[in-house]
Structures are given as structure tokens and as C-alpha cells.
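>>> I'd like to go over a predicted model; first the sequence, then the structure.
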Amino acid sequence: MSKIFSIIGLETNTGIRDIGLMSGIPEVEDIQKSQLYNELVEDCGESEFITVAVKSFRYGEGEPEDATAKDLNWLKAHPQFLKSEAVTPLQTASFAILHPDQGMQMNM
């Protein structure tokens, strides 16, 4: 089995940033439901929008499946693996989520 995961970068228009890993290739709704996003929203109540960068990757061979929480924890503990040739880039996406409306999206 191969595993699919994404690195998510978030930045508010006030300059607060955070980065994290998510399983699979998340949609906007998945990101908005994530702990990473919700913690950032708590820290940036004055922000008008949050820009999001999603870089998705695959590692391993065989039929692809979303990385599990255990896989993500291993990746967090081994950040050098993310730069290895064993990891193949799949796609990149950028967009902004308008805040506080929480749901309006602008593709960038």
C-alpha cells in the first residue's frame, strides 16, 4: 500500500502562521474542521482571511490509501523523510478562506 498525505500551510492576513500534516488530499471543508485550522482561528480573531497552501504527496508502492494518524505521527517524527526520493509530489493548491464568514473561498 502507498500512503497519501498533505502538508498544510496556513497564514492569516495579520501574519500568524502554522503548518501541519493531514491525511489524504483534503478539501476546504476538511481543513476547516481540522484542529490545525481551528487553533489558528482561535489565535487570529481579528483576521479577515486565511490563506491556505496544500501540497500533497505519496510514498510507498501499490494501491494508494490515505495516511493514518499513526503514519502522520511517524512522518512528524521523521521530517527528513519528507525530503527523500521515496516521497513523490502529487499536487499543489492555494486558496483563501474568508474569515469570519467561514466558508467563502477564493482560489489563488
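Ah, there it is.
>>> Who are the contact partners of the residue of the chain most remote from its centre?
Here the chain reaches farthest from its C-alpha mean at residue 62, the gap being 23.3 Å by Cα atoms, centre = their mean. By Cβ atoms under 8 Å, 6 or more residues apart in numbering, the residues touching residue 62 are 1, 2. (Glycine included, C-beta is placed from N, CA and C.)
>>> Need phi/psi at it.
Phi and psi for residue 62, reported as degrees, to the nearest 10, are phi 100, psi -170.
>>> and what of residue 14?
Dihedral angles of residue 14 (phi, psi; degrees, to the nearest 10) stand at phi -90, psi 0.
>>> I'd assumed residue 43 was in contact with it.
No: here residue 14 lies out of contact with residue 43, judged by Cβ atoms under 8 Å, at a distance of 9.4 Å.
>>> bridging residues for the residue nearest to residue 47 when sequence neighbours are not counted?
Of all residues not flanking residue 47 in the chain, residue 12 sits nearest, at 3.7 Å (Cβ to Cβ, 6 or more residues apart in numbering). In this entry, residue 12 is beta-bridged to residue 50, by DSSP bridges.
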